[in-house]
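1. I'll drop the sequence and a predicted model, then ask my questions.
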Amino acid sequence: MLRLRPYKISDAKTIITWCKDETAFRKWTSDRYENFPITEIDINKKYIDNNGDCMEPDNFYPMTAFDESGIVGHLIMRFTDEKKTVLRFGFVIVDDTKRGKGYGKEMISLSFKFAFEILKADRVTIGVFENNMPAYYCYKAAGFKDVEAEEMICELFGEKWKVLELELTKEEYL
């Protein structure tokens, strides 16, 4: 049974091992870290010291998914509006040895519950690179819907990576 809890500093040691190459790392973090690989110190500095790069207090929620075997997944949540009605998921990752087994879908579903029932969000959004179809299909299976959005492109490795936008509203969740 998968459960979700707030991120702990000690989680970084495990989470940073799940990206074996820089392409996988960039699909997870985009350009939010300068260097690959990152260290425990890097992730904790961003999350703990820098509030996930969020200016507002009480706006950033890093979460860790775990089961009886230990830590199996991770994601962050952050509000993107002043009224705290729109919550954005990001940095979604599952232990690379457990991918394709439903952990990601279950973690996203638990995160929806937290977002809508605890944080009282009205809408949850997420972006995924179009070259990351396993993540895209996971998000869709969990309940996210495609939305039209202003085109966003990230330049990584000299390539242009298009971001696909998805969302789920509280009404769709209920």
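-> Yep, it's here. Since the model is a prediction, treat every value here as computed from it, not as a measurement. Numbering: from 1, shown residues only.
2. Show me the helices in the protein, by range?
-> 12-15, 22-29, 40-44, 103-113, 133-142, 170-173 (DSSP state H).
3. got the buried residues for the longest one?
-> Same thing as helix 103-113. Residues of helix 103-113 classed as buried: Tyr103, Gly104, Lys105, Glu106, Met107, Ile108, Ser109, Leu110, Ser111, Phe112 (neighbour count, 16 or more other CB atoms under 10 Å). C-beta: built from backbone N, CA, C; applies to glycine.
4. Tell me the pLDDT of the closest residue to Phe60 other than its chain neighbours.
-> The shortest distance from Phe60 to any non-neighbouring residue, by CB to CB, 6 or more residues apart in numbering, is to Gly52 (3.7 Å). We have a pLDDT of 95 for Gly52.
5. if I look at Gly52, how far off is Lys113?
-> Distance from Gly52 to Lys113, counting by CB to CB, to the nearest Å: 21 Å.
6. Contact partners for the nearest residue to Asp67 once chain neighbours are set aside?
-> The shortest distance from Asp67 to any non-neighbouring residue, by CB to CB, 6+ apart, is to Leu2 (5.2 Å). The contact partners of Leu2, taken as CB atoms under 8 Å, 6 or more residues apart in numbering, are Ala65, Phe66, Asp67, Val72, Gly73, Tyr103, Glu106, Met107, Leu110.
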